[in-house]
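model the following, please.
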Amino acid sequence: MINPIGPLTPADEGFSHQITDTFAVVGSSDPSWTEKVCAMAAARDGSLQLGFGLGKYPNRNVMDAYAGVSRGVEQITVRASRALAPNPEATVIGPIRYEILEPLRSVRFVLEANDTQPIAFDCRFDGAFPPAFEDRTHLRSGYRVRSDLVRYHQIGRCSGWIEVDGERTEITPDAWVSTRDHSWGVRVGVGRPPVDQEPQTALGAYHFLWTPSYLERADGSAYGVFMAMNHFRRPNLNSKATWGTIEHPDGRVEQMTDIVPELSYDPVNRRLLGGRVHCTMSDGSTRTMTVEVVSETGFHLGTGLYFGFDGHHHGEWRGPLHVDGERINDCSTPDNARRVHQIRDTVVRISDPVGGGVGWGNWQPMATGELPELGLTAETSFI
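As a prediction, the model looks like this:
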């Protein structure tokens, strides 16, 4: 066939095609094209947390995933990778499984009992609010678009169980909180960094946060708060982008126009310690929220291959099926903090006096370079 067509899949029976090919392929040949889901579920008291992520890389013929547990400074992770063909629609990789129970409402994250690490879980996520799109990510490097993807997140509650070393803990909606996101497009950090391209500009001073949270009022009503910020500072550059919303069960969304963090970090391992965030709403009003890190618990995404881990990267070919993992007793030591990277699903408690809510959520922080307002020097910097 002169112009080959992708393999047929069951999805091709439907009427949702948007490119002149089958659902087995995507409309880009970029090897960094990825579709990814990422989720966390955590006890509100910060005693225990699970982390989950799954990525599909059609132009690499790879699907990979991670599933892990954070308990204080301890972190246990199972990773799996498989050849995407001949089952591109099956979101199962060894002991790790993702299921859609009700589109845009309920999904399931599963780690079966396995021989790699003594952990397993079965967690059902139910959205408390409708999914919400974030701003499109579009990053250029010279003439090339390095990242072009869309993402929606959802804040919810969860139920199920989690098992560590043979001890089972029930996951209940009244004592746990859960968040998830789903993204697709060309993204950075896929595969090994190329060695034959012009070196990228150093990250410099960079402050990042991404946080969806579930809040409850005294009358029992609930709402969601989402905040995200990218702030880059280098010589001749000071670029800050923010996204923020107040999300309601009926789908109404109140937009934020600015986010000013007033936070503190541990100068040694750069873990978030807490603080306040000052938000400006689209109507010009302001609201200040207090952020409390409820415990040492927080799943480091580095063991899920974000920014690479022990020489391995997202979308890397590991053969028809590969499963591995590790147990790290203390992620807070300087050496281990650098190994697992800063960004983690930190369990936080959020207080919003203006909205009348107090709740819990997932806070992903990152602070690199010299950031005097955070008490951080360049000498202690790491990703």
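
burial of residue 220, as a residue count?
Residue 220: 6 surrounding residues under other C-beta atoms under 10 Å. Glycine gets a C-beta too; all of them are placed from N, C-alpha and C.

and it, how close does it get to residue 357?
Plainly put, residue 220 is 11 Å away from residue 357 if you go by C-beta to C-beta, to the nearest Å.

before we move on, what about residue 103?
From residue 103 to residue 357 the distance is 28 Å (C-beta to C-beta).

more neighbours: the two, which one.
Shown here are residue 103 and residue 357; by other C-beta under 10 Å, residue 357 has more neighbours (22 against 8).

can you map out the helices along the protein?
Per DSSP state H, the chain has helices spanning 334-340. These are given in chain order.

shaky segments in it?
Low-confidence segments of the chain (pLDDT under 70): 1.

so where's the longest strand in it?
Criterion DSSP state E: the longest strand present in the chain is strand 144-164.

which elements pack onto it?
On a contact count with 3 or more C-beta pairs under 8 Å, 6 or more residues apart in numbering; DSSP states H and E, strand 144-164 meets strand 62-71, strand 119-127, strand 132-133, strand 137-141, strand 167-171, strand 176-186, strand 205-216, strand 222-234.

now these as JSON lines including mean neighbour count?
Below are these laid out as JSON lines (neighbours: other C-beta atoms under 10 Å):
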{"stretch": "strand 62-71", "mean neighbour count": "27"}
{"stretch": "strand 119-127", "mean neighbour count": "21"}
{"stretch": "strand 132-133", "mean neighbour count": "16"}
{"stretch": "strand 137-141", "mean neighbour count": "14"}
{"stretch": "strand 167-171", "mean neighbour count": "14"}
{"stretch": "strand 176-186", "mean neighbour count": "23"}
{"stretch": "strand 205-216", "mean neighbour count": "22"}
{"stretch": "strand 222-234", "mean neighbour count": "20"}
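
list the buried residues of stretch 88-103.
88, 91, 92, 93, 94, 95, 96, 97, 98 (16 or more other C-beta atoms under 10 Å).

which two among those are spaced furthest apart?
Farthest pair in the buried residues of stretch 88-103 (C-beta to C-beta) is 88 and 95. Separation: 19.7 Å.

distance check, the closest residue to residue 38 other than its chain neighbours against residue 322.
In space, and not counting its chain neighbours, residue 38 is closest to residue 53: 4.4 Å by C-beta to C-beta, 6 or more residues apart in numbering. Here the criterion is C-beta to C-beta. By it, residue 53 lies 16 Å from residue 322.

between those two, who's got more neighbours?
residue 53 (26 against 17).

the nearest residue to residue 151 once chain neighbours are set aside pairs with what?
Nearest residue to residue 151, sequence neighbours excluded (C-beta to C-beta, 6+ apart): residue 183, at 3.7 Å. Per DSSP bridges, the residues bridged to residue 183 are residue 36, residue 151.

who touches residue 183 in this structure?
34, 35, 36, 38, 149, 150, 151, 152 (C-beta atoms under 8 Å, 6 or more residues apart in numbering).

ok, how many other residues are close to the fifth one?
What it means is residue 149. Residue 149 has 19 nearby residues by other C-beta under 10 Å.

got it, and residue 109?
Residue 109 has 28 nearby residues by other C-beta under 10 Å.

who's in contact with the residue nearest to it when sequence neighbours are not counted?
Excluding its sequence neighbours, the residue lying closest to residue 109 (C-beta to C-beta, 6+ apart) is residue 52, at 4.3 Å. By C-beta under 8 Å, 6+ apart, residue 52 lies in contact with 37-40, 65-68, 96, 98, 109, 111, 123.

try it again with 10 Å
37-41, 65-68, 96-98, 107, 109-111, 121, 123, 125, 178, 180, 299, 304, 345 (C-beta atoms under 10 Å, 6 or more residues apart in numbering).

how far away is it from residue 69?
10 Å.

who touches both of those two?
111, 121, 299.

hang on, residue 256 packs against residue 247?
No: counting by C-beta atoms under 10 Å, residue 256 does not reach residue 247; the two are 11.4 Å apart.

residue 97 is in contact with residue 63, correct?
No: assessed by C-beta under 10 Å, residue 63 is found out of contact with residue 97, at 11.6 Å.

residue 152: how many residues sit nearby?
By other C-beta under 10 Å, neighbour count at residue 152 equals 14.

do residue 14 as well
8.

mind checking how far it is from residue 22?
In terms of C-beta to C-beta, residue 14 sits 11 Å off from residue 22.

what of residue 266?
50 Å.

can you show me the strands along the stretch 1-150 of the chain?
Using DSSP state E, counting those that start in this stretch, the strands of the stretch 1-150 of the chain run over residues 33-43, 49-57, 62-71, 74-83, 92-93, 96-102, 106-111, 119-127, 132-133, 137-141, 144-164.

mind putting the ones you listed into a markdown table with distance to residue 291?
Putting the strands of the stretch 1-150 of the chain into a markdown table (distance: least, C-beta to C-beta, whole Å) gives the following:
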| stretch | distance to residue 291 |
| --- | --- |
| strand 33-43 | 15 |
| strand 49-57 | 17 |
| strand 62-71 | 18 |
| strand 74-83 | 22 |
| strand 92-93 | 34 |
| strand 96-102 | 30 |
| strand 106-111 | 26 |
| strand 119-127 | 23 |
| strand 132-133 | 20 |
| strand 137-141 | 24 |
| strand 144-164 | 16 |
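
to residue 5, which of those lies closest?
Of all the strands of the stretch 1-150 of the chain, strand 33-43 comes closest under C-beta to C-beta, at 18.2 Å.

angle of that closest one against strand 144-164?
30 degrees (axes from the mean of the first three to the mean of the last three C-alpha atoms, to 10 degrees).

having no further points to raise, I will conclude here.
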